[in-house]
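# Got a sequence here, can you model it:
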Amino acid sequence: MDAITEFSAGISNTLQERRQQISTLSGVHSLLKKLQFLFELPARLKKCIEMKAYGQAVRYYAKTRTVLNQYQHMPSFHGIQQDCSDIVTELRSKLREQFRDKESTPKQLAECVDLLLQLKEPADELCDEFLARAQEKLDEDLSEMSDQVDPAKAIEVSTPIKEMVESTDKKEERPSEKYMRNMPMDILEFIHKGCTNFLGNICLVIASYKELFVNRQTHSDPQEQDQLKEVAHAKLADFVKSRMEQYFSCVEQRIQAEKESVENSMLVRALDRFHRRLQAVDDLLPKLNIIARGTEIVANAARERSLFYLEGLKNHFIECTTDVRQKLCTPHLIGKQETSNLMDMLSMMSSSIVEQMKIVLANLQGFTSADLTFANTAYFQGTFCVHDVREVVVVGFLEYLFKASCDLCERSGEKGSAPAAIILLLSRLHMDFSNSTINQIVTTADKQFSLDPRCKVTPAADLSTKAKKTAQKLLNQYVQIQGLQISQMLRKSVETRDWLNTIEPRNVRAVMKRVVEDVTAIDTQVGHLYEEGVRKAHSSDSSRRAFSLSSARQQQQRMQRPSANIDNSLMSNIQKLFSERIEIFSAVEFSKVSVLTGIVKISLKTLLECVRLRTFGRYGLQQMQVDTHYLDMYLWRFVSDENLVHFLLDEIIGSTIHRCLDPILMEPSVIEVICERG
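Predicted coordinates:
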């Protein structure tokens, strides 16, 4: 072993000198190769550009850039560096041309950006150029959407200049093809095309941009790379915000343009597709919170839809009222029986309103379907159901119903005011709503939209109370209208007659017969909608006749004692003190008897006041006796208490006697004969 070791050391000593020489020669050879590479670099770069091997050219230049910059003060290296700079400038130009080329593939774009960044091109300029190139395509998509924003304008044919330009590029189109190309889209197709074209393209732009500028792995300084990401993010955010706002504006305008014509199910499907596709954009750029803006647009559309349905319900109520009015005003053929009465009209009107409300609630329920992406948002889980549907549509329509009906009362007596029959029908409609309909509608809405019982909403009991108050106001108005119509007829009959010079009565005046006929017609009309009601027990015909005769005798006896110490008018006033006070305009109950009682009271009270303003002769007094007896024969059966009719008619005769210059009464038997003959 010692011999081997010694021998090896001898060999190493012998070769030591040669090893140093070989190492030196190897270094010189490597340096010469590098110098040769530098001298050949301009030619290599040109060759790579000719072969479109841009990546190889950039690698050559990147490898030598530091050396050339370091030794550019030396004449030989300065020439090489100058030639390489010119060639690299040409290379940059070629890469930018490829970068701007619309036909470039994403892979080619990524390669261009990577090479340009290796050549120390400013990153922000590359970002701006990439986004500007992407903007051209996105603006085309937005332009197509803008043309379809207003469906009424979308049908317009292209301008002649545009058609001339298109005719040079395309073969001649048939008229049917041209019509189909310009035919307006429905809302679903509009949203679908916008999602497919614009949203699809902007998602590609965002993904490509992030891959090129944000997620790009480089060997550069980490701080420099972070700065590049920050700048790239800021530019991308501004770009996407601007484009998306234009897109949202187009969508909002289109929804607004079709809010009164589009089918509800189609609108819901379109909004769902819009919201669903926005999720992809939001996932790519979550910090922009794009989905929140989309949800706001969907919520506004749903809110507008609720208001649209509210207006539809209001118009439906007006149409129902108009239909009833036309049926009431339509003259019936002689001999043809009336096919429908007020109860049929009421039933038809009530069922139509309730059915329309159910349809509206079913349509609005479509916005809360579980398979919709936006149905789980806070707005559609809470505000939409509680406020927009329950309060705005349901309660809002009922409040409108009450107000519109009360407005009919305020306009009564004016030209074009509602007929009394409609006032009566609406009073019964509100009474039915108060009893059951409102509770049914509210309960249905609460169940359909799964409202929390703890929500602060208008109670159904409050709405029922308002409905009953409205019904009461309408019924009171009906009584006043009918009472005043009869009163006006009686007033004219009294004011236009010469009661001093009239002839001896031989029959009942026609106006009294008309009064009885009108009251009978009103009784039939009210009987269609309201129950009979409670009335006091009627006296027999003989007792009624006895009352009439005794009343006449009392009046006659009073007139036969003109020299009495106490004045007749004073006696009459004393008797009134002990009589039961009659409220003429008292509240009316929801029954036929109460309604007719109110009308009769107003009519007879008017007749009484008119009599007190006239002066009568003997025959005028006797004519009034005949008229009041005729009214007494018929009106008692319509009122709740026949004594009320007796009392008012007795007051009329008493006032007539006080206003008579020759107060001689007609025999009761003669009056009876005239009235029975009449």
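
# Contacts only, for the nearest residue to residue 356 once chain neighbours are set aside.
With CB to CB, 6 or more residues apart in numbering as the criterion, residue 356 has its nearest non-adjacent residue at 5.1 Å, and that residue is residue 316. Backbone N, C-alpha and C define where each C-beta goes, glycine included. Contact analysis of residue 316 by CB atoms under 8 Å, 6 or more residues apart in numbering lists 352-353, 356.

# cool, residue 421 as well?
Per CB under 8 Å, 6+ apart, neighbours of residue 421: 328, 342, 525.

# Looking at the contacts of residue 316, spot the one nearest residue 125.
residue 356 (62.6 Å; CB to CB).

# Distance of residue 83 relative to residue 232?
Residue 83 sits 34 Å away from residue 232, going by CB to CB, to the nearest Å.

# Which of those two has more residues huddled nearby?
residue 232 (23 against 15; other CB atoms under 10 Å).

# can you pull the contacts of the more buried one?
123, 127, 209, 213-214.

# And the closest residue in space to it that isn't next to it in sequence, what's its pLDDT?
In space, and not counting its chain neighbours, residue 232 is closest to residue 213: 3.8 Å by CB to CB, 6+ apart. Model confidence at residue 213, expressed as pLDDT, equals 80.

# before we move on, what about the one 4 residues further on?
Per-residue confidence at residue 217 stands at 60 (pLDDT).

# Equivalent analysis for residue 170, please.
46.

# same deal with residue 670?
For residue 670, pLDDT reads 90.

# Then residue 101?
75.

# Can you get me a residue count around it?
13.

# Quick check on it: phi, psi?
phi -70, psi 120 (degrees, to the nearest 10).

# Likewise for residue 377?
phi -70, psi 160.

# can you start the count at 847 instead of 1 from here on
Let's use 847 as the start, then, which means that last one is residue 1223.

# Wait, it touches residue 1140, no?
No: using CB atoms under 8 Å as the test, residue 1223 is too far from residue 1140 to be in contact (10.2 Å).

# neighbour-wise, which of the two wins?
residue 1140 (25 against 19).

# How much space separates the more buried one from residue 960?
Taken as CB to CB, the span from residue 1140 to residue 960 is 35 Å.

# swap in residue 1332?
Distance from residue 1332 to residue 960, by CB to CB: 99 Å.

# Compare these two (neighbour count), which wins?
In this view residue 1332 and residue 960 are compared by other CB under 10 Å, and residue 1332 has more residues nearby, 22 against 17.

# Residue 1449 is in contact with that one, correct?
Yes: with contact defined as CB under 8 Å, residue 1332 counts as touching residue 1449 (4.3 Å).

# Setting aside sequence neighbours, what's the nearest residue to residue 1247?
Of all residues not flanking residue 1247 in the chain, residue 1163 sits nearest, at 6.3 Å (CB to CB, 6+ apart).

# So the one you found sits against residue 1248, correct?
No: the criterion here is CB under 8 Å, and residue 1163 misses it with residue 1248 at 11.1 Å.

# ranges for the strands of the stretch 1397-1524 of the chain?
All residues of the stretch 1397-1524 of the chain lie outside strands when identified by DSSP state E, counting those that start in this stretch.

# Give the rounded mean pLDDT of stretch 1360-1377.
92.

# Name the surrounding residues that touch that stretch.
Counting by CB under 8 Å, 6+ apart, 1187-1189, 1192, 1267, 1270-1271, 1274, 1328, 1331-1332, 1335-1336, 1436-1438, 1441-1442, 1445-1446, 1449, 1476-1477, 1480-1481, 1484 sit against stretch 1360-1377.

# Repeat that for stretch 1036-1048.
980, 983-984, 987-988, 990-991, 994, 1031, 1086, 1089-1090, 1093, 1096-1097, 1100, 1116-1117, 1119-1120, 1123-1124, 1126-1127.

# Output it in PDB with nothing but the alpha carbons.
Provided in PDB are the C-alpha atoms of stretch 1036-1048 (Å, rounded to 0.1, in the frame of the first residue of the first chain):
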ATOM      1  CA  PHE A1036     -82.500  39.400 -24.700                       C
ATOM      2  CA  ILE A1037     -81.100  38.300 -21.300                       C
ATOM      3  CA  HIS A1038     -79.900  34.900 -22.800                       C
ATOM      4  CA  LYS A1039     -78.000  36.700 -25.600                       C
ATOM      5  CA  GLY A1040     -76.500  39.200 -23.200                       C
ATOM      6  CA  CYS A1041     -75.400  36.400 -20.900                       C
ATOM      7  CA  THR A1042     -74.000  34.300 -23.700                       C
ATOM      8  CA  ASN A1043     -72.200  37.100 -25.600                       C
ATOM      9  CA  PHE A1044     -71.300  39.900 -23.200                       C
ATOM     10  CA  LEU A1045     -71.000  38.000 -19.900                       C
ATOM     11  CA  GLY A1046     -69.300  35.000 -21.600                       C
ATOM     12  CA  ASN A1047     -66.800  37.300 -23.300                       C
ATOM     13  CA  ILE A1048     -66.000  39.400 -20.200                       C
END
